[in-house]
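Enquirer: Give me the fold of what follows.
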Amino acid sequence: MAYSARPGSTCSPASARPATCAPLDALESEHRDVLRTLARAAEDRPKDWTRFQQQAIDFHLRNARAWADKATGTDLSAQVDPEFVHGPHALAAVSA
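Expert: Numbers count the residues shown, from 1 in each chain. Next up, the predicted model:
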């Protein structure tokens, strides 16, 4: 499939993902408003960061065991940091 950036797009063929390439300001205002409303609703929902963390670890380890350990020749389970916890406090610690 050939890639063709829209005029004014900041996408490049190396990072081409059709769902994320077109700038949001190219959308009609009513569509931008709907996307803002959806984003606010998602951001306002309570997050279960402990569950999210466990799901991320499970996903990583499942893929590591299924194919990635063999593909890389490395035990990728070593990448799991048991001290790290997702959430706003993790971002605050990085930006501090």
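Enquirer: Tell me the helix or strand right after the helix or strand bottoming out on mean pLDDT in the chain.
Expert: Of all helical and strand segments in the chain, the minimum by mean pLDDT, DSSP states H and E falls on helix 18-21, at a mean of 55. Downstream of helix 18-21, the next assigned helix or strand under DSSP states H and E is helix 29-44.
Enquirer: Centre of the chain to that following helix, how far?
Expert: In terms of Cα atoms, centre = their mean, to the nearest Å, the centre of helix 29-44 is set 18 Å apart from its chain centre.
Enquirer: pLDDT weak spots in the protein?
Expert: Scanning the chain for pLDDT under 70 picks out 1-22, 96.
Enquirer: can you list the domain ranges for it.
Expert: As assigned by automatic domain parsing, the chain contains the domains 16-44, 49-95.
Enquirer: got TSV for those domains, with mean neighbour count too?
Expert: C-beta coordinates here come from the backbone N, C-alpha and C atoms, glycine included. Listed next are the domains of the chain as TSV, based on neighbours: other Cβ atoms under 10 Å:
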stretch	mean neighbour count
domain 16-44	10
domain 49-95	11
